[in-house]
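A.B. asks: dropping a prediction and its sequence here:
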Amino acid sequence: MPQLGQLVRIIRGRDSGKYAVVISVEDQRFVWIADGDKRKFDQPKKKNLIHLELLDAISSEVVDSLNESGRVTNGKLRFALNKYVDRMKSEAQEKGE
C-alpha cells in the first residue's frame, strides 16, 4: 500500500522511466503523483498503482509539509526527487555500474 511522500518510478505511460512523489492516496488502486517540475502540486496526475513501481524511499520533508498544511511546495518535491536520484547514482558508481 502506498504512503504519502513515497517516491515512485513510473513504468507505464508517457512519463515512463521518470520519478514522482505520492501526494495523495485515492483508494487501493489509484494515487495522485507530482514531481514539482512537469507535473506541479496544483495539477497532480492520477495514476493506477499497476503503472508505478513503489520505491522504498519516503520523503520526510514532503510528509511533514502535507500533514501541517495539506500542501507541499514544488521545490520540496524537486528537492526530494533530486536527493533520491543523486543517492542512487552515487551507489551505482560505488558498485561500479
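C.D. replies: Okay, I see it. None of these values were measured; they are calculated from a predicted model. Residues are numbered from 1 along each chain as shown.
A.B. asks: rest of the way, CA atoms for contacts and neighbours
C.D. replies: Noted.
A.B. asks: list the contacts of residue 14.
C.D. replies: By C-alpha atoms under 8 Å, 6 or more residues apart in numbering, the contact set of residue 14 is empty.
A.B. asks: how about the helices in the chain?
C.D. replies: 60-69, 74-95 (DSSP state H).
A.B. asks: let me see the contact set for residue 49.
C.D. replies: Contacts for residue 49 (C-alpha under 8 Å, 6+ apart) come out as 29, 30, 31.
A.B. asks: top of the residues you listed by neighbour count?
C.D. replies: Highest neighbour count within the contacts of residue 49: residue 31, with 22 neighbours (other C-alpha atoms under 10 Å).
A.B. asks: returning to what we had before: now the helices of the chain in a markdown table, with mean neighbour count and mean pLDDT?
C.D. replies: Listed next are these as a markdown table, based on neighbours: other C-alpha atoms under 10 Å; pLDDT from 0 to 100:
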| stretch | mean neighbour count | mean pLDDT |
| --- | --- | --- |
| helix 60-69 | 15 | 94 |
| helix 74-95 | 15 | 91 |
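A.B. asks: turn these into TSV, columns for distance to residue 16.
C.D. replies: Below are the helices of the chain laid out as TSV (distance: least, C-alpha to C-alpha, whole Å):
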stretch	distance to residue 16
helix 60-69	22
helix 74-95	15
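A.B. asks: of all the ones you listed, which one comes closest to residue 15?
C.D. replies: Proximity to residue 15, assessed across the helices of the chain by C-alpha to C-alpha, is greatest for helix 74-95 (14.8 Å).
A.B. asks: how about residues contacting that closest one?
C.D. replies: By C-alpha under 8 Å, 6+ apart, helix 74-95 touches 7, 19-21, 34-37, 40-41, 57, 59, 61-62.
A.B. asks: just flag the most distant two among these.
C.D. replies: 40 and 57 (20.1 Å).
A.B. asks: more neighbours: these two, which one.
C.D. replies: It is residue 40, of residue 40 and residue 57, that has more neighbours when counted by other C-alpha under 10 Å, with 17 against 14.
A.B. asks: from residue 94, how far out is the closest residue in space to that one that isn't next to it in sequence?
C.D. replies: Excluding its sequence neighbours, the residue lying closest to residue 40 (C-alpha to C-alpha, 6 or more residues apart in numbering) is residue 34, at 5.7 Å. Residue 34 sits 30 Å away from residue 94, going by C-alpha to C-alpha, to the nearest Å.
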